[in-house]
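K.L.:
Sequence plus predicted model, see below.
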Amino acid sequence: MTIMKGVDLEIVEYLFSAEKECREVMKVTDRYPELTFDEAYSIQEKLIQRREMDGVRKIGLKLGLTSKAKQEMMGVHEAIYGYLTDDMLALEWEPVDFTDFIHPKAEPEIAFFINEELQGTNVTAEDVLRVTKFVAPAIEIIDSRYLNFKFTLADVIADNCSSSKLIIGSKWMSPAGLELGQLGMVMTKNGQVVQTGSSAAVLGHPAVSVAWAVNKLGERGKGINKGDVILSGAVSEAISFEQNDTILVQFAELGGVSFSCKSST
Ligand code: 0L1
Ligand code: MG
């Protein structure tokens, strides 16, 4: 079964305004339980086009549900992808504002900087590493537009995979010579360790994760481009934060990245 013609644009406006107004809303499948994954990706594309009309620019891609633990939690066997836009870029030295979020969480990630166009449906991790100029430590802030951060897979795809902000560390390295598939990670909140993990949690190797996204995009006749930044997926569970919190993520070899959240008063 497919959703009715025109309903997709109604859903786009629904999610667009929820994000713009920092307002949580009921999930789309409460109203349209028949929403398929394919339709959800089409809605996601139209949502990004709607945001582009509002002045933002695409800068790359992000992967979600890349760990076995998170896939099992959601009862799925596949990762998901969404788009990153320039307004999502936050800086290490400029605190994010809590009033810009609904119920944010932070995730440790490895960012890939792409130096060459790549498109296809049989793309491998080696292909991804060949077109990757640098990798860097990163933090993604996710902020689902849905009530209580609860959704089905189709819902979260339509909502651009909960994307909100990203912070990229200042140490960028060539992936050559790095043990990118087994980098240890420690995440602290206000100096207390809140998560530890390994980059192996990202589908076994973050480049495998990026290759999966390229192949998935390939099925829709799309690919990745020179200049794209790609967040390869969370290395551990996401951690909620509040005003005045500071999150630091430290990767072996790659180094650290942090951000603070300022008080709204
Ligand atoms: O970036 C992510 O891993 C999030 C993907 C969507 C699922 C969620 O919001 O937890
Ligand atoms: Mg993420």
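P.N.:
Nice, thanks for sending it over. Because the structure is a prediction, the values reported are computed rather than measured. Ligands and ions are numbered 1, 2, ... in the order given.
K.L.:
what helix or strand is the residue of the stretch 101-250 of the chain found nearest ligand 2 on?
P.N.:
Distance from ligand 2 to each residue of the stretch 101-250 of the chain (CB to the ion) is smallest for E140, at 4.0 Å. Yep, even glycine has a C-beta here, placed from its N, CA and C like the rest. Secondary structure assignment for E140, by DSSP states H and E: strand 132-142.
K.L.:
how about that strand as PDB, C-alpha atoms only?
P.N.:
Written as PDB, here are the backbone C-alpha positions of strand 132-142 (Å, rounded to 0.1, in the frame of the first residue of the first chain):
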ATOM      1  CA  THR A 132      38.800   9.700   1.600                       C
ATOM      2  CA  LYS A 133      41.300  12.500   2.100                       C
ATOM      3  CA  PHE A 134      41.000  12.800   5.800                       C
ATOM      4  CA  VAL A 135      39.200  11.300   8.800                       C
ATOM      5  CA  ALA A 136      38.500  13.300  12.000                       C
ATOM      6  CA  PRO A 137      37.000  12.800  15.400                       C
ATOM      7  CA  ALA A 138      33.400  14.100  15.500                       C
ATOM      8  CA  ILE A 139      30.300  14.400  17.700                       C
ATOM      9  CA  GLU A 140      26.900  14.300  16.300                       C
ATOM     10  CA  ILE A 141      24.000  15.900  18.100                       C
ATOM     11  CA  ILE A 142      20.800  14.100  17.300                       C
END
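K.L.:
can you tell me if whichever helix or strand comes after that strand touches ligand 2.
P.N.:
Next in sequence after strand 132-142, counting helices and strands by DSSP H and E, comes helix 153-158. No. Contact of helix 153-158 with ligand 2 (CB under 5 Å from the ion) is absent, the minimum separation being 11.2 Å.
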